[in-house]
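K.L.:
Have a look; sequence and predicted model below, questions after that.
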Amino acid sequence: MDVARAVVLLVVLVSILAGALCGAAQDARAAVEAFMARLSEVNVEDLVIVQTLTLYHPDGRLPQSTGEQRVLFKLPLRQRVEQTVEGQHEVQLTVGDRVWIRRADGKLYDRPALEQRDRTYLLVPAKRSAADLLAGWRAVGVRVDVSHVTRVGGRQLTVIGAKPGERDVPMVWLDTEYGVVRIVTRETLPTGTALLDSAFSEHRPLVGGFYFPHRQEVFVNGKLLMLITVRSVRANTNLPDTLFDPESLRREP
């Protein structure tokens, strides 16, 4: 009799757990679908972003160096970063899964882009489905079948990938109006595996219902690594393809 009761109890618990996981997955998908639906008529083909970059000491307390960046982003997966930090100018070109870097001495280097995933795609509306977006998050370790709703600064957010109280796990914080406002992933850095936490804020309208964040903070294992402050951003400027051509970069003076 006790065994029978135990079996029944186990079946009930499994059913409740399965229902909870299903509900969490549905909540996450519903939030993503609501965000994508808002941007269904918005068309962004390219972005030109001018921003100030501040790098912090390893302790995350004091600034270490500052610089300026001009970021050119063209869908689907092309990005050009022109930056000057401490007087050293560098151009970094990302096309698909490759990165080309032209240092201040004029030498050109290339390497795979897989270890430093560009997160600009998170901020740019593209013709992707909710399933595509969730699959992308799942690929970086986010548990898309786990979610909860919270409020920050009076705004309701859906946290995908974490239960209430969980902090050190890959997760995405989604605002159905602003989009992704925070993403946490585990990354392999030169110093080892670390928790990389990017927070996006100070959203301003750009095109249609598309809001772009003018402040980004990047933390590594809870310590501030980098602060980005956007000075200007323009959309759909018809950037020429030559700006994203590695051979053209090689020939630039």
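P.N.:
On my side now, so go ahead.
K.L.:
Please, which helix or strand holds V71?
P.N.:
Applying DSSP states H and E as the criterion places V71 in strand 63-74.
K.L.:
CA-only coordinates of that strand, as PDB, when you get a sec.
P.N.:
In PDB, the C-alpha atoms belonging to strand 63-74 read as follows (Å, rounded to 0.1, in the frame of the first residue of the first chain):
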ATOM      1  CA  PRO A  63      38.800  53.500 -15.000                       C
ATOM      2  CA  GLN A  64      42.000  52.300 -16.700                       C
ATOM      3  CA  SER A  65      41.700  53.800 -20.200                       C
ATOM      4  CA  THR A  66      39.300  55.500 -22.500                       C
ATOM      5  CA  GLY A  67      38.800  55.600 -26.200                       C
ATOM      6  CA  GLU A  68      36.400  56.400 -29.100                       C
ATOM      7  CA  GLN A  69      34.700  53.900 -31.300                       C
ATOM      8  CA  ARG A  70      32.800  54.100 -34.600                       C
ATOM      9  CA  VAL A  71      30.800  50.900 -35.100                       C
ATOM     10  CA  LEU A  72      29.300  50.100 -38.500                       C
ATOM     11  CA  PHE A  73      26.800  47.200 -38.400                       C
ATOM     12  CA  LYS A  74      25.200  45.800 -41.500                       C
END
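K.L.:
mind listing what it pairs with, with the direction of each?
P.N.:
The strands that strand 63-74 pairs with in its sheet are strand 46-56 (antiparallel), strand 78-85 (antiparallel) (by DSSP bridges).
K.L.:
Can you add mean neighbour count, distance to D197 and mean pLDDT and give those back as CSV?
P.N.:
In short, each C-beta sits where N, CA and C put it, glycine included. Formatted as CSV, the strands paired with strand 63-74 follow (neighbours: other CB atoms under 10 Å; distance: least, CB to CB, whole Å; pLDDT from 0 to 100):
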stretch, mean neighbour count, distance to D197, mean pLDDT
strand 46-56, 18, 14, 94
strand 78-85, 18, 21, 92
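K.L.:
Export those to CSV and append columns for distance to R138.
P.N.:
Shown next, in CSV, are these (distance: least, CB to CB, whole Å):
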stretch, distance to R138
strand 46-56, 26
strand 78-85, 23
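K.L.:
helix, strand or coil for the closest residue in space to F210 that isn't next to it in sequence?
P.N.:
Of all residues not flanking F210 in the chain, V42 sits nearest, at 4.9 Å (CB to CB, 6 or more residues apart in numbering). The three-state assignment at V42 reads coil, by DSSP: H, G, I helix; E, B strand; the rest coil.
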